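Engineer: Task: produce atomic coordinates for the following.
(chains A, B and C)
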Amino acid sequence: MMKRTSYPYLAWILIFTIVPLFLVLYFAFTTGDSQNFSTFIFSLDNFKKFFTPIYINVLIKSINLALVSTILCLIIGYPIAYIISREKPKKRNAMILMFVIPMWMNFLLRTYAWVTLLGRNGLINTFVTKLGFPALDLMFNEKAVLLGMVYNFLPFMVLPIYSVLTKIDKSLLEASEDLGANLMTTFRRVIFPLSLPGVITGITMVFIPAMSTFVISSLLGGNKSNLIGNLIEQQFRWTGDWHFGSSMSIILMIFILITMALTSRFDKEKEGRGRGLW
Amino acid sequence: MKNTKVIVLILLISMLAVFAMGCGDDRPVINVYNWGDYIDSDVIKEFEDEFGIKVNYSMYETNEDMYIKLKQGGSSYDVVIPSDYMIERMINEDMLLKLDMNNIPNMEKVDEDLLYADYDPTNEYSVPYMWGTVGILYNTTMVDETVDSWDILWDEKYADQIIMLNSQRDSLAVALKRLGYSMNTRDVAQLEEARDILIDQKPLVYAYLGDQVKDTMIAGEAALAVVYSGDAVYMIRENPDLAYALPKEGFNLWYDSMVIPSSAKNKEGAEAFINFMTRPDIAAKNTDYIGYSSPIPEAIEMLPDDLKNSDVAYPDSDLIQNTEVFKDPADIVDVYDRIWTELNSH
Amino acid sequence: MVSKSLKKLYTFLIFLFLYAPIIILIVFSFNDSKSRGVWSGFTLRWYVELFKDPAILKALYYTILIAVLSSVISTVIGTFAALGIHNMPGLSKKIVLNLNYLPVLNPDIVTAVSLMALYRFFKLEFGFTTMLLSHITFCIPYVILSVLPKLKQMNKHLAEAAMDLGATPFYALRKVIIPEIMPGIITGGLMAFTLSIDDFVISFFNTGNGVSNLSIEIFAMSRRGINPTINALSTLMFVSLLVLLLIINKRTEKN
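Structural biologist: A predicted model of the protein is given here:
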């Protein structure tokens, strides 16, 4: 009898998850007037269009930025996750809470806050020029977009690493020390390998939103150069070419599925880590 | 479990508060869809009070944005305020309703020169809202030379000091005019040439912005910007170092008019709103607030002197000789879209 | 010793990085000037203006309404779904769980456009309903993911024992199972609530007719330029979420 309680959900997932994805697939492989389903004809034109240098470059740029921001998050995030995990439980919980709190602020507002800081006459530059240095170009470029990504997604890296690090059996570290390993060796041979699942989860959690964002690039990038997310947004909201937009969504999804497949081999424990991150 | 109860209580209270806010409003509604920063919200309130109609107001960033939202259906708006070429397209695609001019007696207050325009030759679909030009706004403390040509936007001296408009037609028009072509060109080669010089220009551009340009220019963060005349009026008011110039190669003259889309659900309400916005005292109040150029002579008379005599808002006729009004590219819209996407993606 | 102070410095810098923008947003919500770099006196006028702005109030109304409705609905559907999934045989359980992960792992923008295509296909009018349906859709998986572990922890024989003692399945569910998994349900519901409040991308694509939430409004405002009322709004949202967080934290500490 208990099985049946999930039927409403199964119906829901069918209508609101599976059917929509098939619709996107359908749009991606057809052309025609996006607003009139009867005009659709099967075609690979959308994909052909995408695989021209101009759009491939957008894809490469998006991958590039997502990769760089993931690496930065890892380099910045790992040490702090490590430091926090070595604190006493009470302090460590407080610190991790401090890490989560900023994420409770609307993510647009968090990104927007940087506009105030980075502008040519913004706070950082006011400070810099007061010190007698020339004003810096911080806004409306790729560096600003990168900063926005790292700022927004850093907790996605830190939390999974942290939770794996705290689970490492202390006696392992002691054993390693007893066997004569110094701190560096212990880290390299024991701690880091054991924390790999967390690192992998972190990488996925940062890479996916960084790859698909359009908000950060449009707020901090000055609309000068598109990322794949912007391109998709434009197709649905400005040019109305749902077919091309859908084909790009499919490409984005495939990319992310590949990333997941590559990383899930390392990732043994899947928990409900996602946008929530408690 | 005590805390569970607290949480449930909080949820219930917030739910009640929400319902309380939502209830008690059964007035008829009109959905108004307008550009961002393009109306005095007090005027809306006055309309609501006077006519007992609730205005559901929402905003778009560009004509294209608005067009797609309407075109893809699934939403209904009663009043929309698109520009000339977009009105032409919407008339051709049967997306607009004919207005009942008996319900809009204030139509006679509108400057006759602006009626029966090319985009609405029978004058049955639209009532002018604002008009203006597109020119160069520059900061006189950063730009010494005379600004009279689009060429200055390609001058390397101003690298990273130039702001372009994040709008397809407007940015392409700048490049096309600089090349000496029509901004309504149907020649793909010319459009691609325009795209290429815009790509060349990119390293010099600080950003492609919409309304954000206002803060950026007022704060003195860039030297030059392509702007609409109405925004120029507002910015010069806020920062007297700024000045506005109309390039000699020619520039865009535009009209934004109020129309009723065919998905409208409250046509009478919409016409009442259009009539209200065309009433001279209301038009004057609205114009004073947003800074754009009113099509209603009586309203202009009521404006404060600095606005009334502004040659940015109301240029002498000899200044607006070399102009073009946008036309709908119709069958080659997708070429324009492609060119713009390619420019953005570069 | 050096490494210890190095650690402290590093921690400090990271927290500075995380909090500086937020603190500045909050400080400048009290600044008596529209321009950003300069402090020109204390004021509360942006807060006054915030509460006079009909667009923001309307967005706030829709944000809360949708968050409440979608979290309640998704909690109910999700809890029952979790009960069902828990009792499923291996293979179908695996399939359903993987399907459940789809909306979690899919990029927001893909979920958003796929839902948009769905509503378009069924010719639904974009607005409140479409936004609510979308929110429920992305909330349910999180409820399931927080209820399932509690079901796993629960003693299998509890419900059976209840029924052996004559309880109807519904009675057993109400009196035995639900209380046992309550913490998971509440966590799931709260998670749904916050996800809904915070959502931008999916709402942005699936709304219309003047219905917007705070995120959409903030996006529009930030595209228009600097406006200290945004700062005032962020301060209020931050503080209220902080309070909610503290309540939850107290609750989980007790459990």
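Engineer: Pull the contacting residues for the closest residue to chain C within the stretch 1-150 of chain B.
Structural biologist: Nearest to chain C, among the residues of the stretch 1-150 of chain B, is B:Ser75, at 3.4 Å (C-beta to the nearest C-beta). (Each C-beta comes from the backbone N, C-alpha and C, glycine too.) B:Ser75 sits next to B:Lys69, B:Ser263, C:Glu125, C:Phe126, C:Gly127, C:Gly208, C:Asn209 when contact means C-beta atoms under 8 Å, 6 or more residues apart in numbering or on different chains.
Engineer: what's near enough to touch A:Met98?
Structural biologist: C:Phe15, C:Leu18.
Engineer: Mind telling me what element it is part of?
Structural biologist: helix A:89-100 (DSSP states H and E).
Engineer: mind giving me a markdown table with the contacts of B:Ser75 and columns for neighbour count, pLDDT and distance to chain A?
Structural biologist: Shown next, in a markdown table, are the contacts of B:Ser75 (neighbours: other C-beta atoms under 10 Å in any protein chain shown; pLDDT from 0 to 100; distance: C-beta to the nearest C-beta, whole Å):
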| residue | neighbour count | pLDDT | distance to chain A |
| --- | --- | --- | --- |
| B:Lys69 | 22 | 86 | 8 |
| B:Ser263 | 18 | 89 | 13 |
| C:Glu125 | 15 | 87 | 15 |
| C:Phe126 | 22 | 88 | 12 |
| C:Gly127 | 21 | 88 | 16 |
| C:Gly208 | 26 | 82 | 12 |
| C:Asn209 | 22 | 79 | 16 |
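Engineer: what residue ranges in the chain score low on pLDDT?
Structural biologist: Chain wasn't specified; assuming chain A. A:1-3, A:265-278 (pLDDT under 70).
Engineer: oops, chain C please
Structural biologist: Looking along chain C with the criterion set at pLDDT under 70, you get C:1, C:34-38, C:225-226, C:248-249, C:251-255.
Engineer: Grab the nearest non-local neighbour of residue 107.
Structural biologist: Looking at chain A here, since you left the chain open. A:Asn152 (6.0 Å; C-beta to C-beta, 6 or more residues apart in numbering or on different chains).
Engineer: if you could check chain C rather than the one you did, that'd help
Structural biologist: In this structure, C:Pro107 finds its nearest non-sequential neighbour in A:Ser212, 3.4 Å apart by C-beta to C-beta, 6+ apart.
Engineer: any idea how far that neighbour is from A:Gly221?
Structural biologist: From A:Ser212 over to A:Gly221 the distance is 15 Å, taken as C-beta to C-beta, to the nearest Å.
Engineer: hmm, back to that, now do the helix or strand that the helix holding A:Met98 is followed by: which elements does it pack against?
Structural biologist: The helix or strand immediately downstream of helix A:89-100 is helix A:107-118, counting by DSSP H and E. Counting contacts by 3 or more C-beta pairs under 8 Å, 6 or more residues apart in numbering or on different chains; DSSP states H and E, helix A:107-118 is packed against helix A:123-130, helix A:142-167, helix A:215-220, helix C:2-28, helix C:214-224, helix C:228-254.
Engineer: just these: most buried one?
Structural biologist: helix A:215-220 (a mean of 25; mean count of other C-beta atoms under 10 Å in any protein chain shown).
Engineer: From C:Val104, how far off is the residue nearest to C:Leu18 when sequence neighbours are not counted?
Structural biologist: Closest residue to C:Leu18 apart from its sequence neighbours, by C-beta to C-beta, 6+ apart: A:Pro102 at 5.0 Å. Counting by C-beta to C-beta, the separation of A:Pro102 from C:Val104 is 22 Å.
Engineer: what do you get for A:Ala144?
Structural biologist: 29 Å.
Engineer: ditto for C:Phe193
Structural biologist: 17 Å.
Engineer: Between these two, which is the more surrounded one?
Structural biologist: C:Phe193 (23 against 18; other C-beta atoms under 10 Å in any protein chain shown).
Engineer: Wait, that one touches C:Ala67, no?
Structural biologist: Yes: assessed by C-beta atoms under 8 Å, C:Phe193 is found in contact with C:Ala67 at 5.2 Å.
Engineer: shouldn't B:Ala194 be in contact with B:Ser182?
Structural biologist: No: counting by C-beta under 8 Å, B:Ala194 does not reach B:Ser182; the two are 10.9 Å apart.
Engineer: The chain - how does it break down into domains?
Structural biologist: With no chain named, the answer covers chain A. Domain segmentation of chain A under automatic domain parsing yields A:1-43, A:53-264.
Engineer: please go with chain B instead
Structural biologist: Using automatic domain parsing, chain B is parsed into the domains B:27-130+B:256-308, B:132-253+B:320-345.
Engineer: Adding distance to C:Thr187, write those out as CSV.
Structural biologist: Shown next, in CSV, are the domains of chain B (distance: least, C-beta to C-beta, whole Å):
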stretch, distance to C:Thr187
domain B:27-130+B:256-308, 35
domain B:132-253+B:320-345, 40
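Engineer: closest to C:Ile136 out of those domains?
Structural biologist: Taking C-beta to C-beta, domain B:27-130+B:256-308 is the member of these nearest to C:Ile136, at 18.6 Å.
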